[in-house]
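S.K.: pasted the sequence and its predicted model underneath.
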Amino acid sequence: MDPSTSSGGGNLGNRFEDLFDFSVALDAQSIEMVYRIRHDVYCRELGWEAVRPDGLETDDYDRHSVHCLLRRRGTGEPVGCSRLVLARPDDPSFPLPFEVSCREAIYRDQVDPAGLPRHDVGEVSRLAVMGGFRQRQGESHEPVTVDNRDFESKGGQPRFPFIPMSLYLGAAAIARRLNVENVFVLTEPRLASHFVRLGFDIHPIGDAIEHRGARVPSLLSSSKVVGNLRPLIKPLYAVIDRLVTRSFEAHPDALERFRPTPY
């Protein structure tokens, strides 16, 4: 079955806008919603972090991260979030999260993140999709999942790949806007393989590690995100890129505030 047909007709970009509101979280209210989504998923549902009295899951990397927020159109219901972690402006050599967890696993003869210009590196992390939009039998232990069944809709809840795809594409579009070329991700092997099938220019750069399940470090080039995407996914990226632009236009100071300075 053609996935575009099974998703209700039309391209995924149009279908996405029918169902969801995507934005870069640049105001206090949106950022708080991101932290609440993460708390619901990482703390309450998965138990990976301690439940916090304020219902907000945050860490030190949030101080130098740009966040994506996905909500359901019409109701404003929170759906998911992600973030692009940037180098610390006051301490560029401070490692990104994956540089700590994958210290011994990275193929440094292929790429050494520590040797790259620090203004030119970022990491997509803290992806989280609310349980009602992601859970399938046997998969409630992951914060985000993707497979061919995501092109279907069941029980009124959209189960499309553009739920997690939009969060990855949003982070990639932000990286392009900030001129951050080298974007690292740490994902379960199946998810990384699925991204390759969808045309992501993403390459493993190390052995799988145990980090709340098997995880593989990979690298994508933000300037190459669009070129190889399957035709099915390109309209979705076009929408996401436009919404990223709109978010920054609504907060004109944010682009300069987050754009890394060459060190």
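M.R.: Okay, I see it.

S.K.: let me know the pLDDT of the residue lying closest to residue 89 once chain neighbours are set aside.
M.R.: Computed as C-beta to C-beta, 6 or more residues apart in numbering, the closest residue to residue 89 that is not its neighbour in sequence is residue 64, at 6.6 Å. Placement of C-beta: from N, CA and C, glycine included. With respect to pLDDT, residue 64 has a value of 95.

S.K.: same thing with residue 30?
M.R.: If you check residue 30, the pLDDT there is 97.

S.K.: quick one, what contacts the residue nearest to residue 89?
M.R.: By C-beta atoms under 8 Å, 6 or more residues apart in numbering, residue 64 lies in contact with 85-89.

S.K.: show the buried residues in those.
M.R.: Buried members of the contacts of residue 64, scored by 16 or more other C-beta atoms under 10 Å, are 85-88.

S.K.: show me the contacts of residue 64 that map onto strands.
M.R.: The strands, defined by DSSP state E, take in 85-86 from the contacts of residue 64.

S.K.: of all the contacts of residue 64, which comes closest to residue 257?
M.R.: residue 89 (9.7 Å; C-beta to C-beta).

S.K.: pretty sure that closest one sits against residue 259.
M.R.: No: with contacts counted by C-beta atoms under 8 Å, residue 89 stays clear of residue 259, the gap being 10.3 Å.

S.K.: would JSON lines of the buried ones among the contacts of residue 64 with distance to residue 254 and pLDDT be doable?
M.R.: Shown next, in JSON lines, are those (distance: C-beta to C-beta, whole Å; pLDDT from 0 to 100):
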{"residue": "85", "distance to residue 254": "16", "pLDDT": "98"}
{"residue": "86", "distance to residue 254": "13", "pLDDT": "97"}
{"residue": "87", "distance to residue 254": "17", "pLDDT": "94"}
{"residue": "88", "distance to residue 254": "18", "pLDDT": "92"}
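
S.K.: closest to residue 244 among these?
M.R.: Out of the buried ones among the contacts of residue 64, the member with the shortest distance to residue 244 (by C-beta to C-beta) is residue 86, at 15.2 Å.

S.K.: for that closest one, which residues make a bridge with it?
M.R.: In this structure, residue 86 bridges to residue 122 when assessed by DSSP bridges.

S.K.: list the contacts of it.
M.R.: 64-66, 122, 178, 180, 258, 260.

S.K.: tell me the one of those residues nearest residue 22?
M.R.: Looking across these and measuring by C-beta to C-beta, the closest to residue 22 is residue 66, at 13.5 Å.

S.K.: my read is that the closest one contacts residue 84, right?
M.R.: Yes: in this structure, residue 66 is within contact of residue 84 by C-beta under 8 Å, at 4.9 Å.

S.K.: so for those two, which residues contact both of them?
M.R.: Here residue 66 and residue 84 share the contacting residues 171, 174, 178, scored by C-beta under 8 Å, 6+ apart.
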